[in-house]
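# got a structure for you, letters missing:
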């Protein structure tokens, strides 16, 4: 099911803001999101402005630039042999599998972003190996 702009803003308010506060404190950061309808809604843009959070300009059709796509790939590979019988079992399996991702894996993905960006620039926006 699609996430509405209101639900997305609720998630930002209750999960992203506390996490950003814990990670960055008073330091500046730029938030990254893709162009999903809930993300690009005018109300969401207003929410970010009201909270003083800059958002990275995001080109359309650019999964190569979003590290979370790689994390979802890891989750899918780890779940290759899982056989959930219903939506609830699927959710439980995804949560348990996601919890196995280590901070080290996240750091490696973040550290690889300059290479990803360079590859996308070199490919002039065409798909890359990433």
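Happy to help now that I have it. What you see is a predicted model, and the numbers here were worked out from it, not measured in a lab.
# so what's the closest residue to residue 16 other than its chain neighbours scoring on pLDDT?
Nearest residue to residue 16, sequence neighbours excluded (Cβ to Cβ, 6 or more residues apart in numbering): residue 31, at 7.5 Å. All C-beta spots, glycine's among them, are computed from the backbone N, C-alpha and C. Residue 31 is assigned a pLDDT of 93 by the prediction.
# would you confirm that residue 31 contacts residue 55?
Yes. Using Cβ atoms under 8 Å, residue 31 is in contact with residue 55, at 5.0 Å.
# intersection of neighbour lists for the two?
By Cβ atoms under 8 Å, 6 or more residues apart in numbering, residue 31 and residue 55 have these common neighbours: residue 48.
# need the helices for this structure, in chain order.
5-11, 17-24, 37-40, 42-50, 67-78, 87-99, 103-122 (DSSP state H).
# of all those helices, which one is nearest residue 60?
Across these, residue 60 has its closest neighbour in helix 37-40 (10.0 Å, Cβ to Cβ).
# who's in contact with the closest one?
With contact meaning Cβ under 8 Å, 6+ apart, helix 37-40 is reached by 2-5, 7-8, 33, 44.
# filter the residues you listed to the buried ones?
5, 8, 33, 44 (16 or more other Cβ atoms under 10 Å).
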